[in-house]
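Asker: sequence and predicted structure are below.
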Amino acid sequence: MKVFIVYCHPSDDSFTRNMRDAFIKGVTDSGNEYIMSDLYKMGFDPVMTEQEYLRDAYYSDKPDVAGDVLAEQEKINSSDAIALIYPVFWTEAPAMLVGWFDRVWTYGFAYGEKTMKVLDKAVILCSAGNPVERLESFGLLDSMKKVMLGDRLIGRAKETDFIVFDNTSRENKLREKNWDMNLQKAYETGKNLFGQKR
């Protein structure tokens, strides 16, 4: 089984990068495989062009999709699951990941007469500076889930999961205290992603 990891963080000096590595170790330790798009390292262009906008605005299914977008779509269709790993910036994924959806979720692939396969699983692992209780009390966590699970991933995976690793701001004392526990959680998520081996 194969998982496509879409990783989005501007710095290697981050909890999120460590969380990603722990998740990958879990995937490989369970005998599964992965491919990854590290959006910053790839220099992925998140800006939709006018041509791309007009293609989708007029619901055109002409095969005139940019090469970098086609490459991402092929990674999805060659995988059994997708994992989105990113930090929460102002209650949202980083702009580069939002732009990835804008460009990769094209008409004729992710909607319309879809050629995107329905994945077995989609999992989101995001790091947040705020505690989960604060995100819940302001309705922010629910909003994040609605956007990711209720819009971007709805109908595109048989099973979805949204996992928040909270209190990860550098000044937060819980960041270091919970470090090992959180990385173990990321590892177990990767290890159990596909459940029992088939």
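Answerer: Received it, and whenever you're ready, just let me know what you need.
Asker: tell me which residues of the worst-scoring helix or strand of the chain on mean pLDDT come out buried.
Answerer: Of all helical and strand segments in the chain, the minimum by mean pLDDT, DSSP states H and E falls on helix 173-177, at a mean of 78. Of the residues in helix 173-177, those buried by neighbour count under the rule 16 or more other CB atoms under 10 Å are Arg175. All C-beta atoms are positioned from the backbone trio N, CA, C, and that covers glycine.
Asker: all further residue positions should be reported with the first residue as 150.
Answerer: Sure, I'll start counting at 150 from here, so that last one is helix 322-326.
Asker: how far out from the middle of the chain is it?
Answerer: Put simply, helix 322-326 sits 25 Å off its chain's centre (CA atoms, centre = their mean, to the nearest Å).
Asker: contacts for the next helix or strand after that helix, please.
Answerer: Under the assignment DSSP states H and E, the closest C-terminal helix or strand after helix 322-326 is helix 328-340. Residues from elsewhere that reach helix 328-340 (CB atoms under 8 Å, 6 or more residues apart in numbering): 152, 164, 167-169, 171-176, 178-179, 232, 272, 274, 310, 312, 314, 317.
Asker: tell me, how many residues neighbour Phe153?
Answerer: Other residues near Phe153 number 22, with proximity taken as other CB atoms under 10 Å.
Asker: no, scratch that, I was asking about Ile154
Answerer: By the other CB under 10 Å criterion, the neighbourhood of Ile154 contains 23 residues.
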